[in-house]
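Novice: structure of the sequence below:
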Amino acid sequence: MSRSLLCIAETMKRALTIVTCTISILGSPAASAGAWLVETGRQHHYNALHYYETSVFTNNEGVSNPTDLYRKYESINLFEYGFRDTITLGARYGYIYASQSNNTDKGLTDPEFLARIQLWKDSRSILSLQPTIKIPLSESKKNRPFSTGQYDAEIRLLWGSSSSEERKPFINLESAYNVRGGSSNPDEVKIDIAGGIYLSTELIALAQLFSTISTGHEAISITNQNPSDFYTQKLEFSLVRQVKENLSIQLGIYGETFNENSSRGSGVFISLWSQL
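Specialist: Here you go, the predicted structure:
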């Protein structure tokens, strides 16, 4: 293999690791109440275990190339509390174990703190605003491999609507702007769509699409900052079954359906939803 091809392959591997870690922290599928708020004084917990793998990296021209197998095991925890009828407070954190090419990284992700504020509501629909801040655990990548060492701030607009029909179909739409700290981290625009239907009184079928695009990407070109120009769409299907009055279990699969300058892989997960 020529020296130039070796350099390209090594660059792609480094890019894959960086982008995969970024998506692991910022774009992992996770359960939540969507636009809806938690009842005052109640607590909701979402605890998920994910397995994800990829051996393909797609460049900015849409060309996919093989890479060394990357595996990631992740625990995602989300806690939400109904502070008031119109305000829900929450915190999200996780732990990742990842390996590629005989290299292993493990550690906590940076914690995120959020507030979901009801802007408008009627008998079927709700509109909410959700600011979130991510606090870095450390500035040292050696001690905290999944910490960016920078503060991030996100503002998210959420709209949800449900039907009063017997099977109770519902939809949730979200759009967000994520301001990322550090000169090498471009801001991000996110658009998430979720839809579900009750198959029975105890079983829900869910489909979700998570889209993330850097603000320097040619599709939107909000800024000229372009050190990590990526675009990714992740599709997820799952079933949620209520096993007790205040406990449900979710089983699902997911994977990238379209991406540029990022990895394309697939994963499975199991999540517990509890209410207190």
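Novice: show me what the helix or strand hosting residue 73 packs onto, helices and strands only.
Specialist: Assigned by DSSP states H and E, residue 73 belongs to strand 64-84. For strand 64-84, the contact count by 3 or more Cβ pairs under 8 Å, 6 or more residues apart in numbering; DSSP states H and E identifies helix 3-26, strand 43-58, strand 87-100, strand 262-275 as packing neighbours. For the C-beta atoms, the positions are set from N, CA and C on the backbone; glycine is no exception.
Novice: now the weakest link among the ones you listed, please, by mean pLDDT.
Specialist: Across the helices and strands packed on strand 64-84, helix 3-26 has the smallest mean pLDDT, namely a mean of 36.
Novice: re the thing from before, quick one, the strand holding residue 73 and strand 87-100 angle?
Specialist: 150 degrees (axes from the mean of the first three to the mean of the last three Cα atoms, to 10 degrees).
Novice: adjacent strands (with direction) for strand 64-84?
Specialist: Here strand 64-84 is paired, per DSSP bridges, with strand 43-58 (antiparallel), strand 87-100 (antiparallel).
Novice: wait, what's in contact with residue 105?
Specialist: Going by Cβ atoms under 8 Å, 6 or more residues apart in numbering, residue 105 touches 21, 96-99, 145-146.
Novice: sorry, back to before: next one: the strand holding residue 73 to chain centre, how far?
Specialist: Remark: strand 64-84 is offset 7 Å from the chain centroid, using Cα atoms, centre = their mean, to the nearest Å.
Novice: same deal with stretch 38-45?
Specialist: Using Cα atoms, centre = their mean, the offset of stretch 38-45 from its chain centre is 22 Å.
Novice: now stretch 68-85
Specialist: Going by Cα atoms, centre = their mean, where stretch 68-85 is centred and where its chain is centred differ by 8 Å.
Novice: burial measure for residue 266, as a count.
Specialist: Using other Cβ atoms under 10 Å, residue 266 has 14 neighbouring residues.
Novice: could you do the one 4 residues further on as well?
Specialist: The criterion is other Cβ under 10 Å. On that basis, residue 270 has 14 neighbouring residues.
Novice: surely it and residue 253 touch.
Specialist: No: contact status for residue 270 versus residue 253: not in contact, 10.9 Å apart, counting by Cβ atoms under 8 Å.
Novice: in this structure, where is pLDDT below threshold?
Specialist: 1-32, 140-142, 165-167, 183, 217-228 (pLDDT under 70).
Novice: switch the cut-off to 90
Specialist: Along the chain, the parts satisfying pLDDT under 90 run over 1-33, 58-64, 102, 123, 137-150, 163-168, 180-186, 214-231, 259-262.
Novice: distance of the residue lying closest to residue 48 once chain neighbours are set aside from residue 254?
Specialist: Excluding its sequence neighbours, the residue lying closest to residue 48 (Cβ to Cβ, 6 or more residues apart in numbering) is residue 271, at 3.8 Å. Note on residue 271: its distance to residue 254, by Cβ to Cβ, to the nearest Å, is 12 Å.
Novice: residue 270 now?
Specialist: From residue 270 to residue 254 the distance is 12 Å (Cβ to Cβ).
Novice: kindly report the same for residue 248.
Specialist: 18 Å.
Novice: residues in contact with the closest residue to residue 170 other than its chain neighbours?
Specialist: The shortest distance from residue 170 to any non-neighbouring residue, by Cβ to Cβ, 6+ apart, is to residue 162 (3.8 Å). Residues in contact with residue 162 (Cβ under 8 Å, 6+ apart) are 124-125, 168-171.
Novice: out of the residues you listed, who's the most crowded?
Specialist: Neighbour-wise, the contacts of residue 162 (other Cβ under 10 Å) top out at residue 170, 19 neighbours.
Novice: ok, it - contacts?
Specialist: Residues in contact with residue 170 (Cβ under 8 Å, 6+ apart) are 160-163, 195-197.
Novice: what comes into contact with the strand or helix carrying residue 239?
Specialist: Element membership of residue 239, judged by DSSP H and E, is strand 231-244. Around strand 231-244, the neighbours that count as contacts under Cβ under 8 Å, 6+ apart are 23, 27, 29, 196, 202-214, 217, 219, 248-262, 269, 273.
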